[in-house]
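Engineer: Give me a model of this one.
(chains A, B, C and D)
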There are 2 protein chains.
Amino acid sequence: MSRYDQKLEFILRTAARIFAEKNYHSTSMRDISRATNVSLAGLYHYCKSKEELLFLIQDNCFGRVLERLEQRLEGVEDPITKLGIFIENHLSFFAANMSEMKVLSHEAESLRGDLYTHVSTRKDKYTKLARQILREVQESQEIKEPIDLTVATYALFGMMNWIYNWYDPQGKLKVSDLAGNVMKLFLNGFLPNGMCHGVPIPSESPSVWSHG
Amino acid sequence: MSRYDQKLEFILRTAARIFAEKNYHSTSMRDISRATNVSLAGLYHYCKSKEELLFLIQDNCFGRVLERLEQRLEGVEDPITKLGIFIENHLSFFAANMSEMKVLSHEAESLRGDLYTHVSTRKDKYTKLARQILREVQESQEIKEPIDLTVATYALFGMMNWIYNWYDPQGKLKVSDLAGNVMKLFLNGFLPNGMCHGVPIPSESPSVWSHG
DNA sequence: CTATTATTCGAACGAACGTTCGAACTGGAA
DNA sequence: TTCCAGTTCGAACGTTCGTTCGAATAATAG
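Structural biologist: Residues are numbered from 1 along each chain as shown, chains lettered A, B, ... in the order given. Sure, this is the predicted structure:
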């Protein structure tokens, strides 16, 4: 990886941290300059605008979640196993990349135009995938009064994406416990039949920015 | 109610709408001036700063949720009924006051100093109340592997507060259906015993800003 | 070495920001 | 009518913002 790419990566990681700390619109390029020890003008050698910084963070982050998810879903057929993988993938990635995922969740509307459309399209795809899994789960069971699919989908995302407001990955509660609890809470509610299967928790801790 | 109070209320309602549309930090006092037809300088007759506008919106909004909740919880003993009231109160208020509640949820970290502390303290109180209700619900049952209380509390808030990202109060899905689905989804997951009681939905549609 | 390219940055640009000030209005009481 | 407190606003203030430019430096190739 070239020096240029390494430094860009460093700038993106730092920018994500500051965007997460003080939010996008109240972070100045001077803040990022200060935190990276790159001069104000120097930053523009690595991006063409502040908005592109935000885009690169969001798009890069989303790409890795999706990539990881598709790998792990490959060959899996059982809907409930799929759902477990989906939840575990989302939460463990979130916990390992809090800044980037907070920026992705919290600054969803901070992009404009094509950049917004690009990220939004990816998000739609991801949402529809979740919805599809939930549909399969629901259809694989006999349920008297099924939960509305839209409510269920967004309730699940709400539970998962809200964690940047309270969860501390360094605290007592382990990611695997968090994922397990969410899985149990959601699946038992979604399928009120005592149907919750265990889902294996992978040991690897994913990182947004590859280092090799 | 005095002319002054009426105009302040109008300014706050308008500001909340714009804060919700384009977010606090990227909304300028000139945006609010334009939307209210009050001159830029004129706004400062009704507030002493932009930050105070945000505070008044959040504090006023929170006060009404809490007040309404305390009224409805009065005399209620059964924990599950309490939980139903809590969820229905939160969601119906949210749906009836989307802008204000979005500002309350999304701009939680946009206040600083005493104003931040004041709202944060109220939020803590509200969170602890929810947690307490969940504890009572949990203790009123015999559960083999209870869900972690912290996870459950924030998962519930996540489900509920996320709705500003997708729910349209004017759409097909009625607030009562939304609340019912969330109640069923959460309670069946939290108490995997088929224990979900129905909770009466009040007909009144609450509004943040009183009108007489 | 020299020539060329890639990287860095001090300084400055115009624009937009939150806020202030003093003067001009307004409506109701006397 | 006169008067005064309550209300309104045009104009400007000092600051900070994102971005640019051209020169200086570092790295690389021939």
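
Engineer: Under the pLDDT cut-off, which ranges of chain A? List them.
Structural biologist: Along chain A, the parts satisfying pLDDT under 70 run over A:193-212.

Engineer: Which residue ranges of it form helices?
Structural biologist: A:3-22, A:29-36, A:40-43, A:50-73, A:79-96, A:98-106, A:113-139, A:149-161, A:175-190 (DSSP state H).

Engineer: Out of these, which gets nearest to B:V76?
Structural biologist: Ranking the helices of chain A by proximity to B:V76 (CB to CB) places helix A:175-190 first, at 22.8 Å. Just so you know, the C-beta spots here come from the backbone N, C-alpha and C atoms, and that holds for glycine as well.

Engineer: and the closest residue to A:A20 other than its chain neighbours, what does it touch?
Structural biologist: Leaving aside its sequence neighbours, A:A20 sits nearest to A:S99 (CB to CB, 6 or more residues apart in numbering or on different chains; 3.9 Å). Contact analysis of A:S99 by CB atoms under 8 Å, 6 or more residues apart in numbering or on different chains lists A:R13, A:A16, A:R17, A:F19, A:A20, A:E21.

Engineer: mind running it again at 6 Å?
Structural biologist: Residues near A:S99 by CB atoms under 6 Å, 6 or more residues apart in numbering or on different chains: A:A16, A:R17, A:A20.

Engineer: Enumerate the residues of chain A near chain B.
Structural biologist: A:25-26, A:147-148, A:151, A:154-155, A:158-159, A:162, A:166, A:181, A:185-186, A:188-189, A:192 (CB under 6 Å from any CB of the partner chain).

Engineer: Narrow those to those that are buried.
Structural biologist: The neighbour-count test (16 or more other CB atoms under 10 Å in any protein chain shown) marks A:25-26, A:147-148, A:151, A:154-155, A:158-159, A:162, A:181, A:185-186, A:188-189, A:192 as buried among the residues of chain A next to chain B.

Engineer: need the residues of chain A near DNA strand D, please.
Structural biologist: With CB under 7 Å from any atom of the strand as the criterion, chain A comes near DNA strand D at residues A:3, A:27-31, A:40-41, A:44, A:48-51.

Engineer: For those, give me JSON lines that also has neighbour count.
Structural biologist: Shown next, in JSON lines, are the residues of chain A next to DNA strand D (neighbours: other CB atoms under 10 Å in any protein chain shown):
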{"residue": "A:R3", "neighbour count": "7"}
{"residue": "A:T27", "neighbour count": "20"}
{"residue": "A:S28", "neighbour count": "13"}
{"residue": "A:M29", "neighbour count": "16"}
{"residue": "A:R30", "neighbour count": "10"}
{"residue": "A:D31", "neighbour count": "16"}
{"residue": "A:L40", "neighbour count": "12"}
{"residue": "A:A41", "neighbour count": "9"}
{"residue": "A:Y44", "neighbour count": "14"}
{"residue": "A:K48", "neighbour count": "9"}
{"residue": "A:S49", "neighbour count": "12"}
{"residue": "A:K50", "neighbour count": "18"}
{"residue": "A:E51", "neighbour count": "16"}
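
Engineer: So which of those residues is the closest to DNA strand C?
Structural biologist: Proximity of those to DNA strand C was ranked by CB to the nearest atom of the strand; the top entry is A:A41 with 2.6 Å.

Engineer: list the contacts for the residue of chain A positioned farthest from its centre?
Structural biologist: Outermost residue of chain A with respect to the C-alpha centroid, by CA atoms, centre = their mean, is A:K144; its distance is 32.8 Å. Contacts for A:K144 were tallied using CB under 6 Å, 6+ apart; there are none.

Engineer: Look up how far DNA strand C lies from it.
Structural biologist: 53 Å (CB to the nearest atom of the strand, to the nearest Å).

Engineer: closest one to B:T117 among the helices of chain A?
Structural biologist: Of all the helices of chain A, helix A:3-22 comes closest under CB to CB, at 17.7 Å.

Engineer: what packs against the closest one?
Structural biologist: For helix A:3-22, the packing partners by 3 or more CB pairs under 6 Å, 6 or more residues apart in numbering or on different chains; DSSP states H and E come out as helix A:29-36, helix A:50-73, helix A:98-106.

Engineer: ranking those helices by burial, who's on top?
Structural biologist: Mean neighbour count (mean count of other CB atoms under 10 Å in any protein chain shown) peaks for helix A:98-106 among the helices and strands packed on helix A:3-22, with a mean of 23.

Engineer: And that one, how far out from the chain middle?
Structural biologist: 7 Å (CA atoms, centre = their mean, to the nearest Å).

Engineer: how big is the angle separating that helix from helix A:113-139?
Structural biologist: 90 degrees (axes from the mean of the first three to the mean of the last three CA atoms, to 10 degrees).

Engineer: and helix A:98-106, C-alpha only, in PDB?
Structural biologist: Listed next in PDB are the C-alpha coordinates belonging to helix A:98-106 (Å, rounded to 0.1, in the frame of the first residue of the first chain):
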ATOM      1  CA  MET A  98     -17.800   2.700  16.800                       C
ATOM      2  CA  SER A  99     -16.700   6.000  15.300                       C
ATOM      3  CA  GLU A 100     -17.200   5.000  11.700                       C
ATOM      4  CA  MET A 101     -20.600   3.300  12.400                       C
ATOM      5  CA  LYS A 102     -21.800   6.300  14.500                       C
ATOM      6  CA  VAL A 103     -20.900   8.500  11.600                       C
ATOM      7  CA  LEU A 104     -22.700   6.200   9.200                       C
ATOM      8  CA  SER A 105     -25.800   6.100  11.400                       C
ATOM      9  CA  HIS A 106     -25.900   9.600  12.800                       C
END
